[in-house]
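Enquirer: Provide a 3D model corresponding to the input given below.
(4 chains)
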There are 4 protein chains.
Amino acid sequence: MASWVCSSATGGSPWDDWPVPEPSGKSEAEPAAAMRARVRASFRRQVMMTTLGAELVSVERGRVELAIPYDARFTQQHGFLHAGAVAAVLDSACGYAAFSVMPPEAAVLTATYSINLLAPAAGERFVMTGTVVRAGRTLVVCRGEAVASGAGAPAAAGEAAPFAVMQATLTALYDRPGIRH
Amino acid sequence: MASWVCSSATGGSPWDDWPVPEPSGKSEAEPAAAMRARVRASFRRQVMMTTLGAELVSVERGRVELAIPYDARFTQQHGFLHAGAVAAVLDSACGYAAFSVMPPEAAVLTATYSINLLAPAAGERFVMTGTVVRAGRTLVVCRGEAVASGAGAPAAAGEAAPFAVMQATLTALYDRPGIRH
Amino acid sequence: MASWVCSSATGGSPWDDWPVPEPSGKSEAEPAAAMRARVRASFRRQVMMTTLGAELVSVERGRVELAIPYDARFTQQHGFLHAGAVAAVLDSACGYAAFSVMPPEAAVLTATYSINLLAPAAGERFVMTGTVVRAGRTLVVCRGEAVASGAGAPAAAGEAAPFAVMQATLTALYDRPGIRH
Amino acid sequence: MASWVCSSATGGSPWDDWPVPEPSGKSEAEPAAAMRARVRASFRRQVMMTTLGAELVSVERGRVELAIPYDARFTQQHGFLHAGAVAAVLDSACGYAAFSVMPPEAAVLTATYSINLLAPAAGERFVMTGTVVRAGRTLVVCRGEAVASGAGAPAAAGEAAPFAVMQATLTALYDRPGIRH
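Expert: Model prediction:
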């Protein structure tokens, strides 16, 4: 029943374009610096990202890049980075891309994602980019791409083809006591 | 960032269990007969379901069965039912299963689904079942299964293995003027 | 266990880059005209595409565009095109994009796809584009985008944002008697 | 184009039922003890599973259970287990379920999966179960479910509803030098 009960011309939908009327009454957009600070503060609270050695490379509105180094603790049996580590960071890149376009008072969570693993995660450094495809009032859809670099990576030969791609659906939460961003 | 900004013990989430406080102030559950009538009325308004010859086989709270006959107009080049027809009806089965557990004033739409095609859609009749896995305030997750029967179907030999499976995420819409159920 | 048992430097994988050694012994690439003819011949055999009024707009190696008109027979209850019709054509666009990079003797089938419905399918004409993300010996991953145009479409206002996106996994079949392309 | 170029009655497909003719000429099924030893040996080589503290709870043909304890190193900012850890173990449960029905000489890799996060991963212990839905010659589709237990888990109240579900597509690899199982 995809899309079959959807907004009419007069109705809204979870896909209504941002910006949305903000509960606080502010209608002006959040400054970019404030948005970046908000993303960075949330990122620092994710212990698993720290454990994986993830770094927040860049934050633009609707686009976030994270990177992790090769780490033998997070490998599969051939010595490649485990897809679990790849998916965790790709998911976070998509999540923060979505978070970057949400109103400051919103919290974000991943509802679902689909990931395709295209090649072994071979290399020394892995950059995961999340990009917003469509942002609505409660749902944001992002695409993620993972690219490897360094010794052993196909990218070393000049190729920048992703070794994993993701399609993720994030939800915005409002007015939930006890939820930090 | 799946689940990384999620409800605390005191907060809610899109996955909060039904029943939810109903805007109309009614707290009692909707009678089963009313729920079935609500689902059937919506189903009748889907022209594409009529075009495909789809039939509403059964409606329980959280589980809906639809069926379509073989129809040469909706085939691929080997004469099997096209996966597009399969997906359309599976999606509707999941959508109505979700709709059946939503409050009467909610409308429903599919946010996203993932489908696996496991075998050709060979047979004379195809039953698609949608089942609610988890229902929250704004998001409902369902699983769908498609099974074939009749001449040519593997099920004719006693097997009832699905030839397609789906994992679908539906959203509930409230208070949207212009949206019928 | 995503990617955890994957090709080493000396091994192959389902994701090995095309071109692959061709069973027929030919090593030269298929001419573009032959590839296009192969895609068009297969498309003509899909009865459901004909029923939906689908048109093959363009065929490049790794990228295929299909289009369908608005048709009241394939609508949901608000008069928008049903997501089932959208998904069927998007899936075919991805499938033919994959088919276009496969060796001539291969057949193709969709193993699985994930679709996000971003907005109602409002408009008069809908263009679905499938693009190859990665092609391997047996698996090809594609992305699909659906864009609306004409009266009622958001695109009429100059926007070309997709109203649906897909991530699809196709498989190549070889040497299967009874399978046409 | 899902399923549109699929096996005829005389042709095979990636979804052909196991058992398949084994390259080694053996036609008898692998004994259960040998299958379990094969799965356990592969599991031990996954460093990331060791790092996460994952345990192989049970192995049946077509069904594998893994478990991980709560670990603060792999949490998100509210102290719940990070979805990345959940997905990594669910993916492995699906992967080993697929591996358990493959011929002994096959290797396995995840092509793609879709995961729905239904609730926070709250609790002390998390059991991830992978079950084969359909096994073919080269593709195996599995479903995964994650259930929490212990203090803080909804399951402590008697509920055993999953907090995450997965639909995964695995591929079997044959005759690839340099690939261990």
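
Enquirer: When you work out contacts or count neighbours from here on, use the C-alpha atoms and nothing else.
Expert: Fine.

Enquirer: which is the next helix or strand following the helix or strand encompassing residue A:39?
Expert: Using DSSP states H and E, residue A:39 sits in helix A:32-44. Moving toward the C-terminus from helix A:32-44, the next helix or strand (DSSP H and E) is helix A:47-52.

Enquirer: does any bit of that next one sit next to chain D?
Expert: Yes - contact of helix A:47-52 with chain D (Cα under 8 Å from any Cα of the partner chain) involves A:47, A:48, A:51.

Enquirer: For chain B, tell me which of those show up nearby.
Expert: Applying Cα under 8 Å from any Cα to these, none is adjacent to chain B.

Enquirer: By neighbour count, which of those residues wins?
Expert: The residue in the residues of helix A:47-52 next to chain D with the most neighbours, by other Cα atoms under 10 Å in any protein chain shown, is residue A:48 (26 neighbours).

Enquirer: show me what contacts that one?
Expert: Taking Cα atoms under 8 Å, 6 or more residues apart in numbering or on different chains, we find residue A:48 in contact with D:73, D:74, D:75, D:76, D:82.

Enquirer: Next, count neighbours for the fourth one.
Expert: The one in question is residue D:76. Counted by other Cα under 10 Å, the residues lying close to residue D:76 total 27.

Enquirer: Near chain D, which residues of chain A are found?
Expert: Neighbours of chain D within chain A, by Cα under 8 Å from any Cα: A:42, A:45-48, A:51, A:72-78, A:82-85, A:87-89, A:91, A:110-118, A:180.

Enquirer: Take these and keep only those in helices.
Expert: A:42, A:47, A:48, A:51, A:83, A:84, A:85, A:87, A:88, A:89, A:91 (DSSP state H).

Enquirer: Give me the distance between residue A:150 and chain B.
Expert: Plainly put, residue A:150 is 26 Å away from chain B if you go by Cα to the nearest Cα, to the nearest Å.

Enquirer: now swap in residue A:63 and tell me
Expert: 14 Å.

Enquirer: swap in residue A:67?
Expert: Note on residue A:67: its distance to chain B, by Cα to the nearest Cα, is 14 Å.

Enquirer: Which elements pack onto the helix or strand harbouring that residue?
Expert: If you go by DSSP H and E, residue A:67 is part of strand A:63-69. Packing partners of strand A:63-69 (3 or more Cα pairs under 8 Å, 6 or more residues apart in numbering or on different chains; DSSP states H and E): strand A:55-60, helix A:83-100, strand A:125-135.

Enquirer: Could you say which of the ones you listed is packed most deeply?
Expert: Highest mean neighbour count of these: helix A:83-100, a mean of 29 (counted as mean count of other Cα atoms under 10 Å in any protein chain shown).

Enquirer: Quick one: distance of that one to the chain centre.
Expert: 4 Å (Cα atoms, centre = their mean, to the nearest Å).

Enquirer: And stretch A:89-101, how far out from the chain middle?
Expert: Distance of stretch A:89-101 from the chain centroid (Cα atoms, centre = their mean) equals 2 Å.

Enquirer: Kindly report the same for stretch A:126-145.
Expert: 6 Å.

Enquirer: Now do it: distance from first to last residue.
Expert: Terminal residues of stretch A:126-145 are spaced 10 Å apart (Cα to Cα, to the nearest Å).

Enquirer: Stretch A:45-61 now?
Expert: The stretch stretch A:45-61 measures 20 Å between its terminal residues, going by Cα to Cα.

Enquirer: how many neighbours does the nearest residue to residue A:147 once chain neighbours are set aside have?
Expert: Excluding the flanking residues, the one nearest residue A:147 by Cα to Cα, 6 or more residues apart in numbering or on different chains is residue A:162, at 4.6 Å. Residues near residue A:162, counting by other Cα under 10 Å, number 21.

Enquirer: With residue A:136 instead?
Expert: 22.

Enquirer: Distance of it relative to residue A:103?
Expert: 11 Å.

Enquirer: For the helix holding residue A:39, which helices and strands make contact with it?
Expert: Using 3+ Cα pairs under 8 Å, 6+ apart: helix A:32-44 touches strand A:55-60, helix A:83-100.

Enquirer: any residue of stretch A:119-129 up close to chain C?
Expert: Yes - part of stretch A:119-129 sits near chain C under the criterion Cα under 8 Å from any Cα, namely A:119, A:120, A:121.

Enquirer: and which of those is nearest to residue C:59?
Expert: residue A:119 (26.4 Å; Cα to Cα).

Enquirer: ok, for that closest one, nearest residue in space, not its chain neighbours?
Expert: That would be residue A:163: by Cα to Cα, 6+ apart, it lies 4.9 Å from residue A:119.

Enquirer: Could you check how far the one you found is from chain B?
Expert: Applying Cα to the nearest Cα to residue A:163 and chain B gives a distance of 19 Å.

Enquirer: That residue contacts residue A:146, doesn't it?
Expert: Yes - when contacts are counted by Cα atoms under 8 Å, residue A:163 is listed as touching residue A:146 (5.8 Å).

Enquirer: okay, these two: which has more neighbours?
Expert: Ranked by neighbour count (other Cα under 10 Å), residue A:163 and residue A:146 place residue A:146 first, with 27 against 24.

Enquirer: Show me the beta-bridge partners of the nearest residue to the more buried one once chain neighbours are set aside.
Expert: Spatially, and ignoring its direct neighbours in sequence, residue A:146 is nearest to residue A:128 (4.4 Å; Cα to Cα, 6+ apart). On the basis of DSSP bridges, residue A:128 takes part in beta bridges with residue A:66, residue A:146.

Enquirer: Where does pLDDT dip in chain A?
Expert: A:1-28, A:155-159, A:175-181 (pLDDT under 70).

Enquirer: Let me see the contact set for residue A:153.
Expert: A:121, A:122, A:123, A:124.

Enquirer: Distance of the closest residue to residue A:69 other than its chain neighbours relative to residue B:58?
Expert: Distance criterion Cα to Cα, 6+ apart; nearest residue to residue A:69, sequence neighbours excluded, is residue A:125 at 4.5 Å. In this view, residue A:125 and residue B:58 are 53 Å apart by Cα to Cα.
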